[in-house]
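> sequence-free structure coming up:
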């Protein structure tokens, strides 16, 4: 019988629940940005698509910093 350990993310969630609220907000922001990006591409609104790509890159960098720290 193997002993199962608690996943690291669950342990972090129990230790710092407020940070997971921030992670949930970041996840929703990424989803919304992806939706707006796809809508802009479908409508061939390239200026808006570029803005959404910049925003997505900013959010992904924020997520990377969160995951490192």
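Looks like it came in fine. Owing to the predicted nature of the structure, the values given are computational and were not obtained by experimental measurement.

> And the closest residue to residue 23 other than its chain neighbours, what's its pLDDT?
Nearest residue to residue 23 in three dimensions, chain neighbours excluded: residue 66, at 6.5 Å (C-beta to C-beta, 6 or more residues apart in numbering). Just so you know, the C-beta spots here come from the backbone N, C-alpha and C atoms, and that holds for glycine as well. pLDDT for residue 66: 85.

> State the distance from residue 68 to residue 52.
25 Å (C-beta to C-beta, to the nearest Å).

> And those two? Which one has more around it.
residue 52 (21 against 6; other C-beta atoms under 10 Å).

> Please tell me how far that one sits from residue 69.
26 Å.

> returning to that earlier point: which helix or strand contains the residue nearest to residue 23?
Per DSSP states H and E: residue 66 is located in helix 46-68.

> Counting neighbours, show which residues of that helix come out buried.
49, 52, 55-56, 59 (16 or more other C-beta atoms under 10 Å).
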